[in-house]
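**Q** Make a model of this:
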Amino acid sequence: MLSLTFLGTSAARPTVERSVSSVAVSREGETLLFDCGEGTQRQMMRYGVGFALSEIFFTHFHADHYLGVVGLIRTLALQGRTESMCLYGPTGAKQILRAAVDLGLERPTFPIEIEELTAGERLRRPGYDLEVIGVEHGRDALGYALREHERLGKFDPDKARRLGVPEGPTWGRIHRGESVELDGRVVGPSDLVGPARPGRLVVLSGDTRPCERVVEASHGADLLVHDATFGEDERQRARDTAHSTAVEAAQVALAARVKRLVLTHLSARYSVSAQQLLDEARSVFAETVVAKDGLALEVPYSGEE
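**A** Next up, the predicted model:
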């Protein structure tokens, strides 16, 4: 399963309705946290995101995206955590995050590693890569793309039975690419296994102006989560502050031919009702939703499951 839980969807400061930036991505039992605005640990408790995570990825170091790491790490320490954790972020991460961690902990109970990332890097993981995207929001700001590896093609059990291939380990061997000999016959993957199937792609833009790098990284994405801080009534302010409007986010989604777009990082003026942003974005890209705190979205495999 691949799913996202939006823990904070407000820009710059929390409101009564929305906390500040944080998204949890869960995949096959693993949880990755992207940004950690103030109060994130409480949002995790509130919306059922477990604390068994080992990595946090920061898009940039404006306060609303990282101050919550102090409280989260302190909470984990008070719970007696001993497993290590790694914090990733753009240039400056080692200095900024180390200062934040040291501020919040009197007595660390678990190792904390800090790694700096640059645009174009690719972190290879079992089953997926995490790609680092350069975005337009001040110096060194980043976005992230979780790109799953290709999956094996579909195995045809009915045909396997017709060919007399015994169920069990032999099926698994053929599915994994081996050929087997049965009664003088050779049965191989080409007989029973369809073409390789693409994995899923989820892109988180972080704070950014609309930019070609995000379009390229998002091409064909199953889900794009994009900055939509302002409506068209504040288009100039979006430019001045290096953010995007809902329409601009929708134009990125359209250009990238993504399947679904989620708008987040909303200015406080749209906190109670984001209908304006939704209407503006859907005039360009119909498959759009506006994130709210606690929104949980599953990302299915395209057209199969």
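**Q** ok, and for stretch 176-193, which residues are buried?
**A** Neighbour counts over stretch 176-193 (16 or more other Cβ atoms under 10 Å) mark 187, 189, 192-193 as buried. In this view, the C-beta of every residue, glycine as well, is placed from N, C-alpha and C.
**Q** Export it to PDB, keeping only CA atoms.
**A** Output of stretch 176-193 as PDB, limited to C-alpha atoms (Å, rounded to 0.1, in the frame of the first residue of the first chain):
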ATOM      1  CA  ARG A 176      10.900 -14.200 -10.900                       C
ATOM      2  CA  GLY A 177      12.400 -14.900 -14.400                       C
ATOM      3  CA  GLU A 178      13.700 -18.500 -14.300                       C
ATOM      4  CA  SER A 179      12.900 -21.200 -16.800                       C
ATOM      5  CA  VAL A 180      12.000 -24.700 -15.600                       C
ATOM      6  CA  GLU A 181      12.100 -28.200 -17.200                       C
ATOM      7  CA  LEU A 182       9.000 -30.300 -16.900                       C
ATOM      8  CA  ASP A 183       8.700 -33.700 -18.600                       C
ATOM      9  CA  GLY A 184      11.200 -32.800 -21.200                       C
ATOM     10  CA  ARG A 185       9.600 -29.400 -21.800                       C
ATOM     11  CA  VAL A 186      11.000 -26.000 -20.900                       C
ATOM     12  CA  VAL A 187       8.500 -23.500 -19.500                       C
ATOM     13  CA  GLY A 188       9.800 -20.000 -19.100                       C
ATOM     14  CA  PRO A 189       8.600 -16.500 -18.100                       C
ATOM     15  CA  SER A 190       7.700 -15.700 -21.700                       C
ATOM     16  CA  ASP A 191       5.000 -18.400 -21.500                       C
ATOM     17  CA  LEU A 192       3.400 -17.300 -18.300                       C
ATOM     18  CA  VAL A 193       4.400 -13.800 -17.300                       C
END
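**Q** chain center to that stretch: distance?
**A** 38 Å (Cα atoms, centre = their mean, to the nearest Å).
**Q** For the chain, which residues score under the pLDDT cut-off?
**A** For the chain, the stretches with pLDDT under 70 are 104-107, 303-305.
**Q** thinking again about what came up before, dump the buried residues of stretch 176-193 to TSV, plus distance to R200 and secondary structure.
**A** Formatted as TSV, the buried residues of stretch 176-193 follow (distance: Cβ to Cβ, whole Å; DSSP: H, G, I helix; E, B strand; the rest coil):
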residue	distance to R200	secondary structure
V187	31	strand
P189	23	helix
L192	25	helix
V193	20	strand
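**Q** Among the residues you listed, find me the one that's closest to T82.
**A** V193 (43.2 Å; Cβ to Cβ).
**Q** Can you show me the helices along the stretch 201-305 of the chain?
**A** 212-217, 235-240, 246-256, 275-282 (DSSP state H, counting those that start in this stretch).
**Q** ok, and the closest non-adjacent residue to R237?
**A** F230 (5.9 Å; Cβ to Cβ, 6 or more residues apart in numbering).
**Q** so what's A141 up against?
**A** 59-60, 90, 134-135, 206-208 (Cβ atoms under 8 Å, 6 or more residues apart in numbering).
**Q** Let's see which of those residues end up in strands.
**A** G134 (DSSP state E).
**Q** Give the burial count for the residue nearest to R237, as a bare number.
**A** 28 (other Cβ atoms under 10 Å).
**Q** now do R282
**A** For R282, using other Cβ under 10 Å, the count is 17.
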